[in-house]
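Novice: quick one, fold the following:
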Amino acid sequence: MKRSLFVFALTLFSLPALAEWNIEGKVLEKGTRAPMQGVSVSVQGRDGAAVTDALGVFHLVLPAAGSYELSATLAGSSAATSIDIVEGAALPVPVIYLRLPETLGELVVTAPRAPERVSKSVIGGKTLRQLPGSSGDPLRGLQSLPGVVTVNGSSAPAVRGSGPGDNAYYVDSLNAGKLFHYGAISVFNADLIEDFNLYGAAFGPHYGNVTGAVIDVALREPRRDRLGGKMNVNLMGADFLVEGPRNQDQAFYFAARRSYIDLLVKEVESDGVTVQIPNYWDYQGKYLWQVNEDNKLTFHLLGAGDSLELNVATSSETAQMEPVLAGDSSMSDSNSMQGVVLDSILSGAAVNKLILERTDRRSNSSIGTAGTLTFTQENLLLRDQVRMELSAGHELSLGAEFIRAAIQIDADYAHAPCTQFEPDCDLSSAPRVQLSDRFTSHAWALSVQDRKRVLDHLTLIGGVRRSAEDYLHRSYIEPRVGMEWEWSKDTLLTAGWGRHNQMPTGEQVVRQFGNPGLGHIRADHTVLGIAQKVNEDWNWKTEAYYKKLSNLVISDPLLNYINAASGKAYGLELLIKKEETDKLSGWWVLNLTKSQRRNDVTGESFRFQYDQPVNTTLVGKYKLSEAWSFGMKWNYHSGTPWTPIVGTNGTYADGRPIPVYAGVNSDTLPVYHRLDLRVDRNYVFDRWKLNTYFELNNVYQRKNIVGYSYDPTYTTRDPVESFVLPFSFGVQGAF
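Specialist: Numbering: from 1, shown residues only. Coordinates of the predicted model:
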């Protein structure tokens with residue numbers, strides 16, 4: 001009897017333990033499937049809750065078989081799912097898809113990539129990607145930033161009195177070769193761009209061979225939680241992105257794109273010129289390997305290419321004005337880059353970035369009967385930069401780089417040396433020049449910068465760059481200084497001055513076509529700025545700048561080109577910004593500028609071709625809900641300068657009239673203004689997202705004149721209007 005009671009009691013007390021069910025599940029973000037940490041998971045009708053860990057995993061103990069309702073909550077957002085526990089069956093593994101709360105979704109805390117604050121603008125890739133009129137391309141949105149003027153037919157920015165070709169472009173600390181396709185579309189997948197640092201003037205000594213601005217693009221890191229991807233289709237082309245982890249320490253992404261308009265519309269004909277719709281392609285790849293706590297290796301791949309074909313009929317006005325353009329023409333251009341970056345922590349106060357990069361550019365062109373050109377260039381670059389924190393508020397950075405360029409040229413075409421200083425550039429009467437050459441050149445640079453907080457609220461920056469190259473045999477020592485004064489916790493005063501140089505273009509320095517005796521273009525930059533934070537929502541910034549240019553290149557009848565021109569640019573900029581802290585966000589930019597060039601041989605001074613004395617942009621975005629947002633962008637600028645033809649004087653040897661030009665850039669086009677609207681509609685499903693947008697461009701159909709075309713006798717002219725696609729759209733699936 002005692003033995004029976006003992007067995008009964010043992011069985012009775014064992015029943016609860018035998019009936020418990022340990023359930024393991026996950027909470028993932030709705031749409032992205034990213035694990036969500038800190039989510040509370042409870043069972044309806046029962047007390048207590050589990051909390052998810054960094055992998056989104058939760059554990060629950062249930063008392064018996066049956067049906068249960070699970071609920072996940074985080075900051076006001078909730079989702080539920082049901083599970084059934086059946087005796088003898090496998091335990092369920094519930095997955096709850098929870099929408100990220102709007103308040104948490106807007107909370108993005110990032111540290112600046114570089115401590116410099118003099119003449120620097122920072123903006124996120126997502127912000128520019130959603131800018132009306134950009135077609136989802138962030139680099140197109142750069143023209144809405146302070147100091148940047150509108151360039152017709154191109155997205156390449158002209159900044160503070162310098163041209164697009166005067167800028168330097170960096171991507172993840174690597175030199176970017178080809179940045180834009182023929183159609184003014186950037187070569188990057190828009191979803192990979194993290195942010196931009198735009199240095200408009202007086203940038204630090206670690207940047208070289210640039211007299212305009214520095215555009216430093218940061219690409220984001222690959223996702224590490226799971227394998228995922230995106231597919232995007234817009235008006236011009238289609239692209240895909242695949243990314244994810246390989247293991248705990250390694251992750252990757254790869255993106256590729258191709259245009260498809262050329263597959264739908266084969267050619268377009270206008271006034272006797274038939275253009276085969278150009279096609280473009282590009283790709284980007286990154287492989288990240290966290291070797292250990294102190295070392296990270298990143299492998300980069302970039303590539304892009306374009307091709308274009310056209311035919312100019314002999315009877316067309318184009319051929320009558322320039323006979324050598326008659327016939328078939330073709331152009332192709334491609335760039336590729338492979339790079340390795342090693343980021344190392346040398347000690348608790350020193351970090352090092354070592355870069356090995358190879359770039360390859362290939363260009364082929366055949367223009368009517370004007371001639372042909374084949375050009376290839378392979379660059380090998382080795383760069384190292386170390387940053388050391390000597391004490392609190394005191395940082396010393398050292399840099400060194402070496403570049404080897406191998407160049408091959410096969411050219412046979414009519415060559416008319418032309419620059420911005422000579423409007424009368426006739427190709428048909430120019431002599432034909434031949435060159436077949438292979439050569440290598442080398443360049444190196446050393447740079448040092450010292451940042452020190454000398455007072456509680458005052459930081460002084462001093463640096464110098466020593467550079468040299470063996471093609472033109474030029475070397476330069478250039479000091480650069482700056483100041484950052486925190487007048488109060490919300491007010492920052494900045495100042496900077498720097499001396500800079502830039503090598504002339506390849507055509508201007510190569511033998512036969514150019515002048516290997518040229519010197520580098522020189523520029524002195526001065527800038528003063530004030531930045532004020534009004535509150536969490538509003539801030540403003542204003543900067544005044546002055547640029548002095550020398551050694552600019554003009555044409556010469558004996559040497560092809562010489563350094564015999566100068567210039568200056570100055571202006572005042574204002575930025576008022578409403579941050580994305582609530583439904584309404586945006587900014588207003590006002591640029592008041594003046595830019596001039598001077599031919600030092602003739603003494604003639606004139607406006608720079610990108611001079612726009614008044615340029616203003618208003619950008620606004622209203623986020624109606626998580627699913628809907630509306631945006632607008634309005635841009636206005638003064639008319640740009642142009643050079644009119646005032647008559648003719650005699651004829652060329654082939655009987656064509658010789659045009660007579662007025663002074664360089666002596667006339668002004670009508671003012672330009674344009675309004676673009678955009679609507680975004682996003683759909684979130686459990687395992688993927690669908691993002692869509694539609695843009696209405698140049699809403700009130702303003703006919704903005706960007707130039708004039710003349711008839712073959714130069715007696716009449718017709719306005720040339722800016723071409724704007726009336727609408728644009730995009731559809732993206734993210735998995």
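
Novice: now do the strands in the stretch 1-150 of the chain.
Specialist: With DSSP state E, counting those that start in this stretch as the definition, the stretch 1-150 of the chain shows strands at residue ranges 21-29, 40-43, 49-51, 57-62, 66-74, 77-85, 95-98, 120-124, 148-149.

Novice: tell me the most buried of those strands?
Specialist: strand 148-149 (a mean of 22; mean count of other CB atoms under 10 Å). (Each C-beta comes from the backbone N, C-alpha and C, glycine too.)

Novice: neighbouring strands for the helix or strand just after that one, and are they parallel or not?
Specialist: Going down the chain from strand 148-149, the next helix or strand is strand 158-159, by DSSP states H and E. Strand 158-159 has its sheet partners listed here by DSSP bridges as strand 148-149 (antiparallel).

Novice: contacts for the partner strand?
Specialist: Around strand 148-149, the neighbours that count as contacts under CB atoms under 8 Å, 6 or more residues apart in numbering are Leu142, Gln143, Pro157, Ala158, Val159, Leu198, Asn591, Thr593, Tyr610, Gln612, Asn615, His637.

Novice: now rank those by neighbours and give me the top one.
Specialist: The most crowded member of those, judged by other CB atoms under 10 Å, is Val159 (28 neighbours).

Novice: buried set for stretch 408-420?
Specialist: Using 16 or more other CB atoms under 10 Å as the test for burial, stretch 408-420 gives Ile409, Ala411, Tyr413, Ala414, His415, Ala416, Pro417, Cys418, Thr419, Gln420.

Novice: what lies in contact with that stretch?
Specialist: Under CB under 8 Å, 6+ apart, the answer for stretch 408-420 is 324, 367, 370-377, 425-438, 510, 512-514, 553-556, 560-561, 597, 608-609, 664.

Novice: let's see 6 Å
Specialist: 324, 370-376, 425, 427, 430, 432-438, 513, 553-555, 560-561, 609 (CB atoms under 6 Å, 6 or more residues apart in numbering).

Novice: just stretch 356-373 next, same as before
Specialist: 174, 177, 324-327, 329-340, 374-382, 411-414, 427.

Novice: just the buried ones from the contacts of stretch 408-420?
Specialist: Buried among the contacts of stretch 408-420 (16+ other CB under 10 Å): 324, 370-371, 373, 375, 427, 430, 435, 513, 553-555, 560-561, 609.

Novice: I'd like to know which of the residues you listed is nearest to Ala304.
Specialist: Phe375 (16.1 Å; CB to CB).

Novice: spit out the contact partners of the closest one.
Specialist: So Phe375 contacts Ser363, Ile409 (CB under 6 Å, 6+ apart).

Novice: equivalent analysis for Val122, please.
Specialist: Neighbours of Val122 in contact, by CB under 6 Å, 6+ apart: Asn197.

Novice: okay, and the beta partners of it?
Specialist: Counting by DSSP bridges, the residues bridging with Val122 are Asn197.

Novice: likewise Asn295?
Specialist: What pairs with Asn295, by the bridge criterion (DSSP bridges), is Asn292, Ser344.

Novice: burial count for Glu357?
Specialist: 20.

Novice: dihedrals phi and psi, it?
Specialist: phi -140, psi 140 (degrees, to the nearest 10).

Novice: can you tell me which strand in the protein is longest?
Specialist: strand 432-455 (DSSP state E).

Novice: quick one on the thing from earlier: and the buried residues of stretch 408-420 as a markdown table, adding secondary structure?
Specialist: Converted to a markdown table, the buried residues of stretch 408-420 look like this (DSSP: H, G, I helix; E, B strand; the rest coil):
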| residue | secondary structure |
| --- | --- |
| Ile409 | strand |
| Ala411 | strand |
| Tyr413 | strand |
| Ala414 | strand |
| His415 | coil |
| Ala416 | coil |
| Pro417 | coil |
| Cys418 | coil |
| Thr419 | coil |
| Gln420 | coil |
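
Novice: tell me the one among the residues you listed nearest to Lys126.
Specialist: The closest of the buried residues of stretch 408-420, once distances to Lys126 are taken by CB to CB, is Gln420, at 36.4 Å.

Novice: would you list the phi and psi of the closest one?
Specialist: Dihedral angles (degrees, to the nearest 10) for Gln420: phi -60, psi -10.

Novice: please report how far it lies from Ala238.
Specialist: Taking CB to CB, to the nearest Å as the measure, Gln420 falls 38 Å from Ala238.

Novice: ok, the spatially most central residue of the chain - contacts?
Specialist: In the chain, the C-alpha nearest the mean C-alpha coordinate belongs to Leu139, at 4.2 Å (CA atoms, centre = their mean). Contact analysis of Leu139 by CB under 6 Å, 6+ apart lists Ser155, Ser186.

Novice: quick check, pLDDT for it.
Specialist: Note on Leu139: pLDDT of 80.

Novice: export the buried residues of stretch 408-420 as a markdown table, with columns for pLDDT.
Specialist: Below are those laid out as a markdown table (pLDDT from 0 to 100):
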| residue | pLDDT |
| --- | --- |
| Ile409 | 96 |
| Ala411 | 96 |
| Tyr413 | 93 |
| Ala414 | 93 |
| His415 | 92 |
| Ala416 | 91 |
| Pro417 | 91 |
| Cys418 | 89 |
| Thr419 | 91 |
| Gln420 | 91 |
